[in-house]
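Undergrad: give me the fold of what follows.
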Amino acid sequence: MRSHLSAAACLCALALSAQTPDPDFGTDGVVTFSAPAGGEFGLHDLIHDAEGRLVVVGHLGNLFNDPAGLVLRYLPNGDLDSSFAEDGIYERVVAGYPNRYWRVALSPDGSNDILAMGHITRTPSALETLGYSRIQPDGTPANTWWNGTPGANMGNCWDAVGTGGAIRPDGRMVLFGKCNEGGAFNAVGVAMYEADDTPNNTFGQSNFAQLDGCCGETAVDGMIDGAGRPVLAVHMDESYWAIRFQANGQRDYTFNGSGSYSAGARGVRRIAAAPANRLQLIGRGSGATLDEALIVRLMNAGGTPDATFGTEGRRYYSWDAADHAFTDQAWDPQGRCVLAGTVGGFNHLGFLARLLPNGDIDSTFGVDGRYLLPHPSPGEPAISLGPNGRICVTTGFATDTAYVSCYTTDLTTTVPQPAPYHWLHPWPNPTTDALYLEGYHGSTAPQVLDPLGRHHRVPSERIGSGWRLQLDVLAPGGYVVVVPGGSARVVVE
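TA: Take a look at the predicted model:
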């Protein structure tokens, strides 16, 4: 199934979009980061932490000149966080050896530790490998299991390239990439580590498993499914596959009846869990559909295509004749898929898009579902969804300047509809000071959002069968009071 929109529908996307740059982030929603001395670098992944700060990972330095692993932390307003590492910047430098972070996650134990995953050199003269660094909230590396060196590595995998990792809710982590072990040429590599950074010795051979082939095999992305099994997006034999491993590191041949699913010959960029017990791969089409972005949706437990989504579980998307590719994905609270991507050949433009839960293009987002980024995006943009509908994105690779930008979504698409609390009654409305909210008797304090989706803390207390909110701390204007399952619009004079 294909979804096409005319080129005319895409004109003036920035001017007409319901999405707008976040005025409280950077300059017009954009911050720039320039490499020292104009060196090449990349920003490859980002995530919001519990404080609403953005954690961005990548590498600093030419890919062929021993880059350093790079972690940036931005405050919600777009300033680098001076309380983190060196003025908001953490670099992992091993002289003469490369380090590159491709994926980032936060430790699920509430510590706010940053897990920067990718290509690691443990120490000078050590092997390059799949690995990660555990970085504490103040920007110092954690004292982990290997001689105080941040992160972990796999000594039985040499000539290795790590491409990222994923983490389970219990803190167990899977790392993935490619390596050369025991004479195998570029085998897919996958490793498992416990929450305390020690190897999971029940996985494969002392925490490591490989998948041999013939033609430059690499795991380009991965996840851990609901049963704790690694599922990888793998480039193998000049095509792309979804491959699942069992908890013991063996290939799971119950997945699609063969242990794998072919996702096409051009390129899958990311794999992630989708709502309703599904898996979703995104990337670029192939053959006659090369100019279209691709989504493949699979049944999680069996790995078979989801026939309700499209032929062989696939749908293709394009807004004009230029090449489109999806590069990252996330789901918002309404079950809509928000995507980052690139459009064009050599001179890439970045874009955001949003799909309805059934996979149709959400025409209320941007212009006919697409929003063009107002800055260069030469790489593969990554995306993170923050509080109150905020969407933030990186630019991927860069020459001397990279960008992080954030956008807001209008309240008509982010605020829940009033059900079951359809009887909410705010009074007086308009108000100049206190607002009484009748009809909601829950224990969670109501939230107050402004037209840009920003959350404002106001004094509140339960009064009888409702709540009293002290709104005289707010500037005059319109707001939305949100409770679980409902909302009400109010005006402060």
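Undergrad: where do the helices sit along the stretch 301-450 of the chain?
TA: 411-414 (DSSP state H, counting those that start in this stretch).
Undergrad: where do the strands sit along it?
TA: Using DSSP state E, counting those that start in this stretch, the strands found in the stretch 301-450 of the chain span residues 314-318, 324-331, 337-343, 349-355, 370-376, 383-385, 391-394, 396-398, 401-408, 425-427, 434-438, 447-449.
Undergrad: and these as JSON lines, adding mean pLDDT?
TA: Below are these laid out as JSON lines (pLDDT from 0 to 100):
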{"stretch": "strand 314-318", "mean pLDDT": "92"}
{"stretch": "strand 324-331", "mean pLDDT": "92"}
{"stretch": "strand 337-343", "mean pLDDT": "92"}
{"stretch": "strand 349-355", "mean pLDDT": "91"}
{"stretch": "strand 370-376", "mean pLDDT": "86"}
{"stretch": "strand 383-385", "mean pLDDT": "92"}
{"stretch": "strand 391-394", "mean pLDDT": "94"}
{"stretch": "strand 396-398", "mean pLDDT": "73"}
{"stretch": "strand 401-408", "mean pLDDT": "89"}
{"stretch": "strand 425-427", "mean pLDDT": "82"}
{"stretch": "strand 434-438", "mean pLDDT": "84"}
{"stretch": "strand 447-449", "mean pLDDT": "83"}
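Undergrad: mind putting these into TSV with distance to Leu279?
TA: The C-beta positions use only the backbone N, C-alpha and C, and glycine is treated the same way. Output for these, formatted as TSV (distance: least, Cβ to Cβ, whole Å):
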stretch	distance to Leu279
strand 314-318	13
strand 324-331	11
strand 337-343	13
strand 349-355	16
strand 370-376	24
strand 383-385	18
strand 391-394	23
strand 396-398	24
strand 401-408	27
strand 425-427	43
strand 434-438	41
strand 447-449	32
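Undergrad: just for the stretch 251-400 of the chain, where's the confidence low?
TA: 265-266, 287-288, 345-347, 399 (pLDDT under 70).
Undergrad: okay if I get the strands of the stretch 301-450 of the chain as TSV plus mean neighbour count and distance to Leu130?
TA: Formatted as TSV, the strands of the stretch 301-450 of the chain follow (neighbours: other Cβ atoms under 10 Å; distance: least, Cβ to Cβ, whole Å):
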stretch	mean neighbour count	distance to Leu130
strand 314-318	21	30
strand 324-331	23	21
strand 337-343	25	25
strand 349-355	24	28
strand 370-376	21	30
strand 383-385	20	23
strand 391-394	26	22
strand 396-398	22	21
strand 401-408	24	24
strand 425-427	16	54
strand 434-438	19	52
strand 447-449	21	41
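Undergrad: and of those strands, who's closest to Trp102?
TA: Nearest to Trp102 among the strands of the stretch 301-450 of the chain is strand 396-398 (10.6 Å), distances taken as Cβ to Cβ.
Undergrad: can you list the strands that that closest one pairs with?
TA: strand 41-48 (antiparallel) (DSSP bridges).
Undergrad: after the partner strand, next one along is what?
TA: Elements were assigned by DSSP states H and E; along the chain past strand 41-48, the next helix or strand is strand 54-60.
Undergrad: neighbouring strands - and their directions - for that next one?
TA: As assigned by DSSP bridges, strand 54-60 forms pairs with strand 41-48 (antiparallel), strand 68-74 (antiparallel).
Undergrad: now it - C-alpha only, CSV.
TA: The C-alpha trace of strand 54-60 is given here as CSV (Å, rounded to 0.1, in the frame of the first residue of the first chain):
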residue,chain,number,x,y,z
LEU,A,54,18.0,16.5,26.3
VAL,A,55,20.8,14.0,26.3
VAL,A,56,22.5,13.8,22.8
VAL,A,57,25.2,11.3,21.8
GLY,A,58,27.5,11.0,18.9
HIS,A,59,31.2,11.3,18.0
LEU,A,60,33.6,14.2,17.6
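Undergrad: picking that back up, for the strands of the stretch 301-450 of the chain, which one sits closest to Val480?
TA: Between the strands of the stretch 301-450 of the chain, strand 447-449 lies closest to Val480; by Cβ to Cβ that is 4.8 Å.
Undergrad: who's in contact with the closest one?
TA: 388, 411, 415, 455-458, 469, 471, 474, 479-483 (Cβ atoms under 8 Å, 6 or more residues apart in numbering).
Undergrad: out of the residues you listed, which sit inside strands?
TA: Per DSSP state E, strands hold the following members of these: 455-456, 469, 479-483.
Undergrad: how about CSV for the residues you listed, with distance to Ser34 added?
TA: Converted to CSV, the ones in strands among the contacts of strand 447-449 look like this (distance: Cβ to Cβ, whole Å):
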residue, distance to Ser34
His455, 32
His456, 34
Leu469, 44
Tyr479, 38
Val480, 39
Val481, 42
Val482, 39
Val483, 44
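Undergrad: would you mind giving those residues as JSON lines with distance to Val220 and neighbour count added?
TA: What follows is these, written out as JSON lines (distance: Cβ to Cβ, whole Å; neighbours: other Cβ atoms under 10 Å):
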{"residue": "His455", "distance to Val220": "36", "neighbour count": "13"}
{"residue": "His456", "distance to Val220": "41", "neighbour count": "13"}
{"residue": "Leu469", "distance to Val220": "48", "neighbour count": "27"}
{"residue": "Tyr479", "distance to Val220": "44", "neighbour count": "23"}
{"residue": "Val480", "distance to Val220": "41", "neighbour count": "20"}
{"residue": "Val481", "distance to Val220": "44", "neighbour count": "25"}
{"residue": "Val482", "distance to Val220": "39", "neighbour count": "20"}
{"residue": "Val483", "distance to Val220": "42", "neighbour count": "21"}
